[in-house]
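Colleague: With the input below, show me the fold.
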Amino acid sequence: MIFRLFMITWCVILSSSAVAHQKAVHTILSMQERAIFINDITQKRVSQLLPRLMDETGIDMWVMISREYNEDPILKTLLPATWLSARRTTIFVFSKNENEKVNAYAIAPYKVGSVFKKAWDKNKHPDQWQALLALIAKIDPKKIGINQSEFWAHADGLVASDKDKFLSVLPKKYQSRVVSAQALGVAWLEQRIPEEIKVYEEIVAIAHEIIAQGFSNEVIKVGKTTSNDLVWWFRERVRELKLQTWFHPSINIQRKDSKKFDHVDSFTNGYEDNVIQPGDLLHVDFGISYLRLNTDTQQHAYVLNDGELSPPQELISAFKSGNELQDIFTNNFTVGRTGNEVLKRAREQAIKQNLKPTIYTHPIGFHGHAAGTTLGMWDSQQGVAGSGDYPLHANTAYSIELNNAVFLKIWNKEIRIMLEEEAIFDGKDVKYIDGRQTKLHIIK
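Modeller: Below is the predicted model:
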């Protein structure tokens, strides 16, 4: 009986310690609260952000056309929280008015939330396309932006059949006024308003807490738990919290053996279903979706060998080199500088400091691999055409993703310190949204 009480008490202690540092997960909103938040943010973005973006890009009318189950990626960011898809054919129109504000119209079979004014009276215009043309004629825009883009799939949401239909009914007077809304679409997707930046701190904190829990003895039983077990624990934990992942997590193991690092293999197979052992350097790539924003995080954990109280100093130094590369890289962020320019400068500086860098940073926000400035790809270290030529803008978020290769004498092999953390570029500085990993997680 005493033993049973001891075990119950010990389980309670373990459970309490596991949740003691789970402050952010306890702030997760109910589904109804999330809907209220999303609708409020959408309203603020349209009223506060969109007028400036339309001014800067010179587009005075923005037209989005989407059909159910084949939604324009940008249109999906504007749907009411209770709409999980477009309905039938949904058309959104944004136009600048004389007060330098934006009017938002929905030409759709149903009322679309509170942001959009219904602009289709079936008694007056039985045909939906005629309702759209009537609105265009009334406003008489100088430039009509449509979502077409060569370099960003996110801003290329107008499908061929809808474009053909639109142009077939559009009077010749307006045909020459139709332009790509690429610049406007990318700006809409990449720029964050203050309320989003604030809540992003909570979202990234949740992701960090999940990783910390996964990289602990609460979850990992050394000599028993496999990397695949851990992958599926992350998936299950996210669903327990009523959240979603936007990609399948991966667990990679680097250890003292003859296996060489392979980038593709590390993110697809790694040491799939191998048992986690003492002395392993673990790596996770993990992201969640919450309140229409995404995270993308990579961190490391070390499994102590018998008798070890901390990781080997050589491994600690290797990890610090990853933080050093982060600093070199983010110190090169400057408004107006292209991703390719930042990549080139950062690599040159890192190599001069005897680092062995690979940089592959991407924007993050409404999408995990989001629209905006691309700063390298793991297989394009000399620059990326198109999205890499796009300049940096203020109030944009990035997954600072990179790795540094280090030769470990104690293992007689080269390893990679692979890090990824969310950050906001405010136009002057790059600030990690919920800090960054500066020490290895420790598993006993």
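Colleague: quick check: mean pLDDT across the helix ranked longest in the chain?
Modeller: Criterion DSSP state H: the longest helix present in the chain is helix 194-214. Averaged over helix 194-214, pLDDT sits at 98.
Colleague: Which strand or helix spans Asp164?
Modeller: Using DSSP states H and E, Asp164 maps to helix 160-169.
Colleague: on that earlier part again, what residues sit buried inside the longest helix of the chain?
Modeller: Of the residues in helix 194-214, 196, 199-214 count as buried by neighbour count, 16 or more other CB atoms under 10 Å. Every C-beta, even on glycine, is put in place using the N, C-alpha and C of the backbone.
Colleague: can you check stretch 295-308 too?
Modeller: For stretch 295-308, the neighbour count (16+ other CB under 10 Å) marks Thr295, Asp296, Thr297, Gln298, Gln299, His300, Ala301, Tyr302, Val303, Leu304 as buried.
Colleague: Can you name the residues that contact the residue nearest to the last one when sequence neighbours are not counted?
Modeller: Nearest non-adjacent residue to Leu304, counting by CB to CB, 6 or more residues apart in numbering: Lys444, 5.5 Å away. Contacts here follow CB atoms under 8 Å, 6 or more residues apart in numbering; on that basis Lys444 touches Asn217, Val222, Leu304.
Colleague: residues in contact with the closest residue to Leu189 other than its chain neighbours?
Modeller: Ranked by CB to CB, 6+ apart and with sequence neighbours excluded, the top spatial neighbour of Leu189 is Ala371, at 4.3 Å. Listed by CB under 8 Å, 6+ apart, the contact set of Ala371 reads Trp152, His154, Ala155, Gly185, Val186, Leu189, Glu190, Pro363.
Colleague: switch the cut-off to 6 Å
Modeller: For Ala371, the contacting residues are Trp152, His154, Val186, Leu189, Glu190, by CB atoms under 6 Å, 6 or more residues apart in numbering.
Colleague: Which of the helices or strands spans it?
Modeller: Going by DSSP H and E, Ala371 is not in any helix or strand.
Colleague: repeat for Glu420
Modeller: Using DSSP H and E, Glu420 falls in strand 413-425.
Colleague: Which residues does the very next helix or strand once past that strand contact?
Modeller: Going down the chain from strand 413-425, the next helix or strand is strand 430-432, by DSSP H and E. Strand 430-432 is contacted from outside by Thr330, Phe333, Glu421, Ala423, Ile424, using CB under 6 Å, 6+ apart.
Colleague: What of stretch 398-416?
Modeller: Counting by CB under 6 Å, 6+ apart, 254, 256, 261, 296, 312, 314, 318, 321-322, 325-326, 355-364, 417-418, 420-423 sit against stretch 398-416.
Colleague: In strands, which of those residues fall?
Modeller: Using DSSP state E, the members of those that fall within strands are Gln254, Pro357, Thr358, Ile359, His362, Pro363, Ile417, Met418, Glu420, Glu421, Glu422, Ala423.
Colleague: per-residue pLDDT, the third one?
Modeller: The predicted structure scores Thr358 at 98 on the pLDDT scale.
Colleague: With Leu343 instead?
Modeller: pLDDT at Leu343 comes out at 98.
Colleague: Does it belong to a helix, a strand or coil?
Modeller: helix (DSSP: H, G, I helix; E, B strand; the rest coil).
Colleague: quick check, Arg34 in a helix?
Modeller: Yes: counting by three-state DSSP, Arg34 is found in a helix.
Colleague: Alright, I will stop here.
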